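S.K.: Return atomic coordinates for the entry below.
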Amino acid sequence: MKFTRLSAALVTIVSVTTMACKTDLTGLNVNPNSPTTAPAGSLFTNATVTLMGRWNNTGGTLSGASLFAQHAAQVQYVEEDRGHLRATTIDGFNSGAYAGELEDYQKVQGIGKAGASVATWAPAAVMQSLDFQLLTDMWGDIPYSQALQGDVAGGSLRPVYDAQKDIYYGLLKTLTDASTALRAAPATDAGLGSADIIYKGDVTKWAKFANSLRARLALRMSKADPTKAATELTAAFAAGVMTSNSDNAQMAWPGDGVFDNPLATNFSTRDDHRISKTLLDTMNALADPRMKVYAQPTLWDPATKKPWAAGVTPQYVGLQNGLDNTTVAPFFNTTSRPGAMFYPGATSYGTFGTAAGKKTPSYLLTYAEVAFTQAECAERGLGGLSGAAAYYNAAVTSSMTQWGVSAADAAAYLASPGVAYKGGAAGLQQIGLQKWIALFTQSHEAWSEWRRTGNPATVKMGPSAYPDVPTIPRRYPYPSNELSVNAINLAAAIARQGPDLYTTRIWWDK
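M.R.: Numbers count the residues shown, from 1 in each chain. Reported below is the predicted structural model:
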């Protein structure tokens, strides 16, 4: 019996071995439910949703840059507002971005170039450039030229950290190449089609986005590298930038309970933030009509610490940044929450806004920002532009209409003494201030513009700031997980750039 079973087993082994010599069995190692490749459109859509969520959610907006730009303030769990970011938040940006949307955009570019489809690879190149820009403006030197090569023959799992100047130069070239290709793309190029959730396959708008992003980068580096900045600004404007709000690079959220505006999702269960006193004091002083969009009236009268009496008009009152937990507690009901349009209606702590808040768009780059850039360039004699007042007026008006303010109210605002364009040094200050206001919800850009211009001067650390962060942070500390996986290259970056501190300035921050 034992011999019979053994003989049968040997026959089976021999049979399988013989068959394997004639048949390719490698397919048995492929799981049909876990594909190793995906269509370019699916990758692009997933990457873009991920990017939007990363830079417009709690960690990207409410627990870091919005506090540093003083658009928002924390009324609970105030550690970040006092200057200390959570290590998990910082690590998430690094590991999440590189393994997530940056890698997906890289794959889309490969697929598009292999298929000679400009309308596929170029939008992915623009979005990847935007992501790299946000990351390098957060940290300074980061992995760039050797990044995303871990699955490529000869690629490194421990990429070097490129100097920020080199990263900016690389991004400017990528955007120039993408814009050139997009403007020459044949009408027969189907591209991403409906998977393009930004411009629905409109290559003309993608080219404008590429050139507008190029102008953002060029102006940002104008103090560190004025000659290169001037050249790039002239070229970007000549190639064609955004000309109206219809060109805005934005995400229109479905609001279906699955893909909602990330701020509305956060506010559905959390009540940790109020609008910053710095922002609301500025807007109150200018009688800015966007104030009623950006913020809600306080629930209680700040004077009586009780609900508003009948017939009394509620006020818009901002919260001082950088208070400790004990000091901030009395301001919970006497300071303004973010605007109703950022709330989903019913929340775990009350009803604010309506379900329409789930559909509130998230913005990446707007015509208002472009027009402010043009206004500054015209005033400073850059980019071959003149007529700063016209660009300034267009920027303020487009920001107003972007947020639903009427053209009549925008015109009245522009005619008011504190807003009407003055020109010269005073005009540059007005441009910077209005740009900072207009970048609401684009917190990393508002923070970067404050770092570049120092405007408004009222942005300062709060009274309970941690001693090691005495001034508004100039950068984020490097992620702790890099100490484990890429310590040598990280150390080289720190030696070149300066101490890994909140107060160390990055290359363009002069």
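S.K.: Now do the strands in the protein.
M.R.: 72-74, 142-143, 161-162, 249-251, 273-275, 300-301, 306-307, 344-347, 350-353, 362-365 (DSSP state E).
S.K.: The fifth one pairs with which strands?
M.R.: Each strand paired with strand 273-275, and its direction, by DSSP bridges: strand 72-74 (antiparallel).
S.K.: so which of the strands of the chain gets nearest Thr326?
M.R.: strand 72-74 (13.6 Å; C-beta to C-beta). Using the backbone N, CA and C atoms, a C-beta is placed for each residue, glycine as well.
S.K.: so which of the strands of the chain comes closest to Phe93?
M.R.: Each of the strands of the chain has some distance to Phe93 by C-beta to C-beta; the shortest is strand 142-143, at 10.3 Å.
S.K.: Mind listing the strands the closest one pairs with, and their directions?
M.R.: Partners of strand 142-143 in its sheet, by DSSP bridges: strand 161-162 (antiparallel).
S.K.: just how off-centre is the strand it pairs with within its chain?
M.R.: Taking the mean of its C-alpha atoms, strand 161-162 sits 21 Å from the chain's own mean (C-alpha atoms, centre = their mean, to the nearest Å).
S.K.: got the contact list for that strand?
M.R.: The contact list for strand 161-162 (C-beta atoms under 8 Å, 6 or more residues apart in numbering) reads 141-145, 170, 489-490, 492-493.
S.K.: ok, 10 Å please
M.R.: 132, 136, 139-147, 167-170, 478, 482, 486, 489-494, 496-497 (C-beta atoms under 10 Å, 6 or more residues apart in numbering).
S.K.: List the contacts of the residue nearest the centre of the chain.
M.R.: When C-alpha atoms, centre = their mean is applied to the chain, the residue found nearest the centroid is Trp55 (4.1 Å). Taking C-beta under 10 Å, 6+ apart as the criterion, Trp55 is in contact with 61, 65, 93, 97, 130-131, 134-135, 262, 362, 364, 441-445.
S.K.: follow-up on the earlier one: of the contacts of strand 161-162, which qualify as buried by neighbour count?
M.R.: 132, 136, 139-144, 146-147, 167-169, 478, 482, 486, 489-490, 493-494, 497 (16 or more other C-beta atoms under 10 Å).
S.K.: Would you agree His71 is in contact with Ala65?
M.R.: Yes - assessed by C-beta atoms under 10 Å, His71 is found in contact with Ala65 at 8.6 Å.
S.K.: got any residues that touch both of the two?
M.R.: By C-beta under 10 Å, 6+ apart, His71 and Ala65 have these common neighbours: 442-443, 446-447.
S.K.: Would you format those residues as a markdown table with neighbour count, pLDDT and distance to Thr458 included?
M.R.: Putting the shared contacts of His71 and Ala65 into a markdown table (neighbours: other C-beta atoms under 10 Å; pLDDT from 0 to 100; distance: C-beta to C-beta, whole Å) gives the following:
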| residue | neighbour count | pLDDT | distance to Thr458 |
| --- | --- | --- | --- |
| Gln442 | 24 | 96 | 19 |
| Ser443 | 23 | 96 | 17 |
| Ala446 | 24 | 98 | 13 |
| Trp447 | 26 | 98 | 14 |
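S.K.: Pick the one among these closest to Leu299.
M.R.: Once C-beta to C-beta is applied, the member of the shared contacts of His71 and Ala65 that ends up nearest Leu299 is Ser443, at 24.5 Å.
S.K.: Please name the residues that touch that closest one.
M.R.: Ser443 neighbours (C-beta under 10 Å, 6+ apart): 55-56, 60-62, 64-72.
S.K.: Check the residues you listed against Asp288 and report the nearest one.
M.R.: His71 (13.3 Å).
S.K.: I'd like to know how far the closest one sits from Ser443.
M.R.: 6 Å (C-beta to C-beta, to the nearest Å).
S.K.: And Ala163, by the same measure?
M.R.: 26 Å.
S.K.: Same question for Asp288.
M.R.: 18 Å.
S.K.: now swap in His84 and tell me
M.R.: 17 Å.
S.K.: Show me where the stretch 201-350 of the chain has its helices.
M.R.: 203-220, 226-239, 262-267, 277-285, 291-294, 325-328 (DSSP state H, counting those that start in this stretch).
S.K.: Pull the contacting residues for the residue nearest to Phe68 when sequence neighbours are not counted.
M.R.: Of all residues not flanking Phe68 in the chain, Trp447 sits nearest, at 4.7 Å (C-beta to C-beta, 6 or more residues apart in numbering). Counting by C-beta under 10 Å, 6+ apart, Trp447 touches 64-71, 137-138, 436, 439, 459, 472-474.
S.K.: Return the member of those residues nearest to Leu299.
M.R.: Nearest to Leu299 among those, with distances taken as C-beta to C-beta, is His71, at 20.4 Å.
S.K.: Can you tell me the closest non-neighbouring residue to the closest one?
M.R.: Looking at His71 with C-beta to C-beta, 6+ apart, the closest residue is Leu279, at 5.3 Å.
S.K.: can you count the residues close to the one you found?
M.R.: Neighbour count for Leu279, taken as other C-beta atoms under 10 Å: 30.
S.K.: One more: the one 4 residues further on?
M.R.: For Met283, the tally of surrounding residues (other C-beta under 10 Å) stands at 21.
S.K.: from memory it sits against Pro289, does it?
M.R.: Yes - contact criterion C-beta under 10 Å: Met283 and Pro289 qualify, at 8.9 Å.
S.K.: Contacts only, for Gly96.
M.R.: Counted by C-beta under 10 Å, 6+ apart, Gly96 has contacts 50, 53-54, 59, 102.
S.K.: Show me what counts as buried in stretch 391-409.
M.R.: Neighbour counts over stretch 391-409 (16+ other C-beta under 10 Å) mark 391-403, 405 as buried.
S.K.: I'd like to know which of the buried ones among the contacts of strand 161-162 are part of helices.
M.R.: Among these, the ones falling in helices (DSSP state H) are 132, 136, 139, 167-169, 482, 489-490, 493-494, 497.
S.K.: For those, which two are the farthest from each other?
M.R.: Across these, the longest distance by C-beta to C-beta is 23.3 Å; it joins Tyr169 and Glu482.
S.K.: so where is this structure shaky, pLDDT-wise?
M.R.: 1-37 (pLDDT under 70).
S.K.: Swap in 50 and give it another go.
M.R.: Counting by pLDDT under 50, the ranges of the chain that qualify are 1-28, 34.
S.K.: Can you give me the domain assignment for it?
M.R.: What the record gives for the chain is the domain set 42-187+198-236+472-510, 262-359, from automatic domain parsing.
S.K.: Span of the last one from start to end?
M.R.: For domain 262-359, the separation between the terminal residues is 10 Å (C-alpha to C-alpha, to the nearest Å).
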